[in-house]
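Trainee: Predicted model, plus sequence, below.
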Amino acid sequence: MELQYFGHSTFLFTNSQKQNIIIDPYLNANPLSPVKSNQVKADYIILTHAHSDHMADALTIADRHKTTIICVSELASIISKSGFRTHPLQIGGAFRFDFGRVKFVPAFHGSSTMNGVYAGLAAGAVFTVEGKTIYHCGDTGIFGDMKLIGEIDKIDILLIPIGGNYTMDIDDAVRAVTMINPELAIPMHYNTFDLIKCDPQEFIDRIATNGFQGKVMKPGEKLNIP
Ligand code: NI
Ligand code: MN
């Protein structure tokens, strides 16, 4: 599997069947992203919540016939009115798609569309691609059940917000890594805006002190996961 980061909370997973799974696509207005939405194709789009820095380009990337958008049911019913294919999940629920399983877990955050319409609960996503289990926390503060999430599924790759203000900061993210116990932690949701500026290397160094491996991905960087 190949993993590519576009800055903020946007990640693209490509499996050996060449299926593209993109999570929280924020490209055109994302000052960090080296690509625009017309350069990306998706078989599946996972949305953790409806804020514009997460679903901004979902509907421009999505093909009404070929793309399935996986999101909570309130958001799914909003999106499906425009003719898009959606799969509604709720927190605690999981479904096996042809690429792998996706489960939604809690995230302490809000969710509304760009028009201010309530869009259900914000979520985190625990999903598998080619035998690897990925936990994308979405936007969230730290919470004690992160330990439970890490116990229920052995997390290979943790995608975790560190920028503060809207989500956990580095202090809380370092502690969350200890609770979740992942093989590899990749920071996200930082340096896109002034309010979430921080040094991701500080996060990597501090989790290393606790015995955890981390990696800062540059926007556009690809990582091969064997
Ligand atoms: Ni948000
Ligand atoms: Mn956000």
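Mentor: Sure thing, it's come through. Numbers count the residues shown, from 1 in each chain. Ligands and ions are numbered 1, 2, ... in the order given.

Trainee: my guess is Asn210 contacts Met179, does it?
Mentor: No: using C-beta atoms under 8 Å, Asn210 makes no contact with Met179, being 10.9 Å away. Just so you know, the C-beta spots here come from the backbone N, C-alpha and C atoms, and that holds for glycine as well.

Trainee: Please say which of these two ends up with more neighbours.
Mentor: The residue with more neighbours, out of Asn210 and Met179, is Met179; 16 against 10, by other C-beta atoms under 10 Å.

Trainee: tell me, what residue is most central in this protein?
Mentor: Central residue of the chain (C-alpha atoms, centre = their mean): His136, 4.1 Å from the mean position.

Trainee: how many neighbours does the closest residue to that one other than its chain neighbours have?
Mentor: Spatial nearest neighbour of His136, excluding adjacent residues (C-beta to C-beta, 6 or more residues apart in numbering): Leu159 at 4.4 Å. Residues lying near Leu159 (other C-beta under 10 Å) number 27.

Trainee: Wait, a helix at Leu159?
Mentor: No: looking at Leu159 with DSSP: H, G, I helix; E, B strand; the rest coil, it is strand, so not inside a helix.

Trainee: any idea how far it is from Leu59?
Mentor: Applying C-beta to C-beta, to the nearest Å, one obtains 22 Å for the distance of Leu159 from Leu59.

Trainee: same thing with Thr86?
Mentor: 11 Å.

Trainee: what residues are shared contacts of the two?
Mentor: Common contact partners of Thr86 and Leu59 (C-beta atoms under 8 Å, 6 or more residues apart in numbering): Ile79.

Trainee: Mind checking which of those two has more residues around it?
Mentor: Thr86 (21 against 17).

Trainee: how close does the closest residue to the more buried one other than its chain neighbours get to Asp53?
Mentor: Using C-beta to C-beta, 6+ apart and skipping the chain neighbours, the partner closest in space to Thr86 is Ala76 (3.9 Å). Going from Ala76 to Asp53 by C-beta to C-beta gives 20 Å.

Trainee: Which residue of those two possesses the greater neighbour count?
Mentor: Ala76 (22 against 19).

Trainee: So the more buried one, which state does it fall into?
Mentor: Strictly by three-state DSSP, Ala76 counts as helix.
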